[in-house]
Structure formats: structure tokens, C-alpha cells
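**Student:** Just a sequence and a predicted model for now, questions to come.
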Amino acid sequence: MSADPDLSRQTIALVGLMGVGKTSVGKRLAAALDLPFRDADHEVEHAAGRTIPEIFETMGEAAFREGERRVIARMLDEAPHVLATGGGAFQSLETRALIKSKAVSVWLRADLEVLVRRVGRKDNRPLLRGKDPLEVLRGLAEVRYPFYAEADIVVDTGDTPHSVTVEAILDALRRRKEAQA
């Protein structure tokens, strides 16, 4: 599949709950569009010189979110790329406005049971430490889904290969482009 240059003219920001595949799908989407891939969490860690769990532990979530907003603002001023945002980034009014003005936002949505299976594979998520993942994800969904619903595109994912999700995103981007023409 060759990249559609019209789909590569603007940054594509992936939003959604932890475990939905923003990073793994984002890397494949970037390759399909011949765009660079950027991960906001990785960039926040690089800028802070510490891991996200360390930032949460030493500075708190509010400081993390402010750093996240600044990093995303900087990245949105760069050349088009595929951007995987942190799960809570789109909840911030300011971050959401930045993304809406400078990128196409794509909400990757999946059943909570699928996400519980995925997030249970790693112990690097501060919001889950010592808690029931389904309970935490249910609470996060209740709070964050209304914000995610403001995304330009919604793509439902599941227990399918990442290539299926990438193709669904590309189809949605094409439909959006045609609707704007």
C-alpha cells in the first residue's frame, strides 16, 4: 500500500484509554502514511529526565499533566507526524484545543475487558498500581469518554491484528477527506 499524500499533510493524534494501542497502532499507521511516529509519554519522560511513574510519585499528576500539555504543544508545532497521546491528555481543555487546531484526532475505542487483558501484561501504569484494572478503567471511561467523543474520528478496535485497526483509521481518514472536499 502506498501512502496517500493527502492523508499525510497534518499530524494525526491518537487518543483513548491506556491499553487501546495508541503506540503500537500509531507506529504502524505512521509507517503506512510514511510519517514519523512520536509518543507523547516518551517525550515527557525525555523532557523530565525521569519515568512517568517517577513523575507521578515525586511531582504528582497535576505536574505531569502540565508537562504533558507543554510537550504536546511543542510537538504539534513540528512537521506532520502520528502522535500517540497519553490516556489523560485529551481530558485537558487546553491540550484538546491545541490538538483540534493543529491535528486530526482519532479516538481508538475498545471494550474495557479487552483493555484489562492488555494492561495486565505490564506494571508501568501509575493509575493502576495496587488496584483492580477493570474498576479503574471503568472509572476512567466514565470521566474521559465524553472528552474522547470530541475527537474528529472514532475507530472501534478489538482483539484483531493492529493492521485491521490501521486500515480502519485510514478508511476513516479517507472518508473525512472526501467529506471535506
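**Tutor:** All right, it came through fine. Numbering: from 1, shown residues only.
**Student:** other SSEs contacting the lengthiest helix in the chain?
**Tutor:** Using DSSP state H, we find that the single longest helix of the chain is helix 162-180. Helix 162-180 sits against helix 22-33, strand 103-109, strand 153-156, with contacts defined as 3 or more C-beta pairs under 8 Å, 6 or more residues apart in numbering; DSSP states H and E. In this view, the C-beta of every residue, glycine as well, is placed from N, C-alpha and C.
**Student:** so of the ones you listed, which one's packed in deepest?
**Tutor:** strand 103-109 (a mean of 23; mean count of other C-beta atoms under 10 Å).
**Student:** tell me the strands in the protein, going along the chain?
**Tutor:** 11-15, 37-39, 82-84, 103-109, 153-156 (DSSP state E).
**Student:** could I get these as TSV with mean pLDDT and distance to Ala179?
**Tutor:** Listed next are the strands of the chain as TSV, based on pLDDT from 0 to 100; distance: least, C-beta to C-beta, whole Å:
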stretch	mean pLDDT	distance to Ala179
strand 11-15	98	16
strand 37-39	97	26
strand 82-84	98	21
strand 103-109	97	12
strand 153-156	96	11
